[in-house]
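Asker: Fold the following for me, if possible:
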Amino acid sequence: MYLCVMLKATLLKAVEAGATQLQHFFNGEFKISNKEGVNNLVTEADHAAEKAIIDTIRQDHPDHFILSEESGELIMDSEYKWIVDPIDGTVNFANGIPICCVSIALEKAGEMLLGAVYNPLMNEMFFAQKGFGASLNDKKINVSDKTEVIKSCLVTGFPYTYLDEPNGPLQVFERFIRKGVPVRRLGSAAIDLCWVAAGRFDGFYEHKLQAWDSAAGFLIVEEAGGKVTDFEGNYYSPYQPHLLATNGKIHDEMLDVINNRKKLG
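Answerer: Model (predicted):
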């Protein structure tokens, strides 16, 4: 129990450290470079936030494994792995759009234990501990109670490198919007997941995510009473690309639409 308290304290210090850098650079001047794919940006702020986060984790737990978006794997022989996105929603951040956040999760022996997603620009701190529920600014949150996809509000994202694959992001998107289902695109998968957990959205799906995009958010959704799977309905692993997160009540119907087994309306 004491160890878990210590780990939570480190997690919260780390997200605060990253958020301090996010706030420092937001709407200021900073260097921007490009990764693979058009508009797949990395900024000076990403690197500063990542350094602050890793330094904080290393100070408390120097022997832990860290997986971070910009630095990759910092491998240690440990059953604990920190999964870090220093700024999720970098394009939003670079354009002065305040839908961006720091996202950090802690995994032990393949099981997600803790997750925190912090958007300091909106003063929203989402947190979950396995088996203890999810919160927004220390207040318990729960998923919505919608039971039909046609009456739901959804959110999605699109990959920077779009592969013209069967049943791809544009085809699935079209199935929903042609039937009048509102589908938003905020530009931050971590925030999308947290807003499902808070009941603002009823479902979120995306075709191509990395572990740092979803590791914290998917635990927050589950602890808020939601359901998270891959596109086949299997238990979700952040180390595969496809994600569907819902309030649970519309999950099977969403899977049917995504896999083109059912038409809406």
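
Asker: L67: neighbouring residues, count only.
Answerer: Using other CB atoms under 10 Å, the number of residues around L67 comes to 22. (Glycine included, C-beta is placed from N, CA and C.)

Asker: so what's V183 up against?
Answerer: Neighbouring residues of V183 by CB atoms under 8 Å, 6 or more residues apart in numbering: L154, V155, T156, F173, F176, I177.

Asker: Now for those: which two are most distant?
Answerer: V155 and I177 (12.5 Å; CB to CB).

Asker: quick one, which of the two is more surrounded?
Answerer: The neighbour comparison of V155 against I177 (other CB under 10 Å) goes to V155, with 24 against 11.

Asker: Let's verify that one: helix, strand, or coil?
Answerer: What DSSP: H, G, I helix; E, B strand; the rest coil gives for V155 is strand.

Asker: Wait, a helix at M6?
Answerer: Yes - according to three-state DSSP, M6 belongs to a helix.

Asker: my read: it touches Y80, true?
Answerer: No - counting by CB atoms under 8 Å, M6 does not reach Y80; the two are 11.4 Å apart.

Asker: Who has more neighbours out of the two?
Answerer: Neighbours per residue (other CB under 10 Å) separate M6 from Y80, with Y80 holding more: 18 against 12.

Asker: Report the separation between A19 and F25.
Answerer: According to CB to CB, to the nearest Å, A19 and F25 sit 11 Å apart.

Asker: quick one: which of the two has more around it?
Answerer: Shown here are A19 and F25; by other CB under 10 Å, A19 has more neighbours (22 against 19).

Asker: wait, doesn't the more buried one sit right on P120?
Answerer: Yes - between A19 and P120 there is a contact under CB under 8 Å: 4.2 Å.
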